[in-house]
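A.B. asks: Return atomic coordinates for the entry below.
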Amino acid sequence: MAAQPVQVRAAEAPLHKMNKRALIVFQKNAIAGKVKTRLAATIGNDAALVIYKKLVNHTHAVIANVNADVYLFFADTIEKTYTENYTTEIQCGKNLGERMQNAFSKLFNLNYNSVCIIGTDCIELNDGIITNAFEALEKHDYVLGKAKDGGYYLLGMKKNNPDIFKNVEWSTEKTAEQTVQQMLKTGNIFYLPTLNDIDNETDWNNYLATVK
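C.D. replies: Here you go, the predicted structure:
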């Protein structure tokens, strides 16, 4: 209950000057055993938490260079260390689709012209890709950055359409393609480069091999 006033204040009075672009960041709370569970299954909860924090730090370094109003949506509770730099919210919905749908609806109700969403799993994501996404929305209805595991690391649209989050199997190899089928019913799509999410130990080891 203590976090509720922060949530309401953030929704009514963003901490930053209103931009025409809004970036939603979905971030899980950094709790061992609740983040990177597939990674933790082989390397342990504590080691997985360390990697998760690295991914979060990478994500925040990237978004610092993006010209958009950033809204940080936490999974469970607002972490106060972020409230000075971001407008903070709590995700709301029964599943990932509903949570994203509600976040998009909230921001489009604030009269943004384009809204994109990212998570904190993509170590290959950079500010140029996010900027490209917003620029693409000037000429396209949707933008999608697929992940190699069948999901996606970025989704954006210039007009709210809750239907694109319906009839989608979340966290499967079908997620991105089913989302594409929903998008094509109402508009065209700009595709960003396909990137790797960090979901398991193989993903992390493959990333480490590229930076040695």
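A.B. asks: Next secondary structure after the worst-scoring helix or strand of the chain on mean pLDDT?
C.D. replies: One helix or strand of the chain scores below all others by mean pLDDT, DSSP states H and E: helix 4-12, with a mean of 39. Downstream of helix 4-12, the first helix or strand assigned by DSSP states H and E is strand 21-27.
A.B. asks: Check the protein for its longest helix and report it.
C.D. replies: Ranked by residue count under DSSP state H, the longest helix found in the chain is helix 45-63.
A.B. asks: what's in contact with that one?
C.D. replies: Under the criterion C-beta atoms under 8 Å, 6 or more residues apart in numbering, residues 23, 25, 27-28, 30-33, 35-37, 39-40, 43, 70, 118-123, 125-127, 130, 198, 204 lie in contact with helix 45-63. Every residue, glycine included, has its C-beta placed from N, CA and C.
A.B. asks: hey, C-alpha coordinates of that helix in PDB?
C.D. replies: Taking C-alpha atoms only, helix 45-63 is exported to PDB below (Å, rounded to 0.1, in the frame of the first residue of the first chain):
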ATOM      1  CA  ASN A  45      19.400 -18.100  -7.900                       C
ATOM      2  CA  ASP A  46      22.100 -15.900  -6.600                       C
ATOM      3  CA  ALA A  47      24.200 -16.100  -9.800                       C
ATOM      4  CA  ALA A  48      21.100 -15.500 -12.000                       C
ATOM      5  CA  LEU A  49      20.300 -12.400  -9.900                       C
ATOM      6  CA  VAL A  50      23.800 -11.000 -10.600                       C
ATOM      7  CA  ILE A  51      23.300 -11.500 -14.300                       C
ATOM      8  CA  TYR A  52      19.800 -10.000 -14.100                       C
ATOM      9  CA  LYS A  53      21.200  -6.900 -12.500                       C
ATOM     10  CA  LYS A  54      23.800  -6.600 -15.300                       C
ATOM     11  CA  LEU A  55      21.000  -6.800 -17.900                       C
ATOM     12  CA  VAL A  56      19.000  -4.100 -16.000                       C
ATOM     13  CA  ASN A  57      22.000  -1.800 -15.800                       C
ATOM     14  CA  HIS A  58      22.600  -2.300 -19.500                       C
ATOM     15  CA  THR A  59      19.000  -1.500 -20.300                       C
ATOM     16  CA  HIS A  60      19.100   1.700 -18.300                       C
ATOM     17  CA  ALA A  61      22.400   2.800 -19.900                       C
ATOM     18  CA  VAL A  62      20.700   2.400 -23.300                       C
ATOM     19  CA  ILE A  63      17.500   4.200 -22.500                       C
END
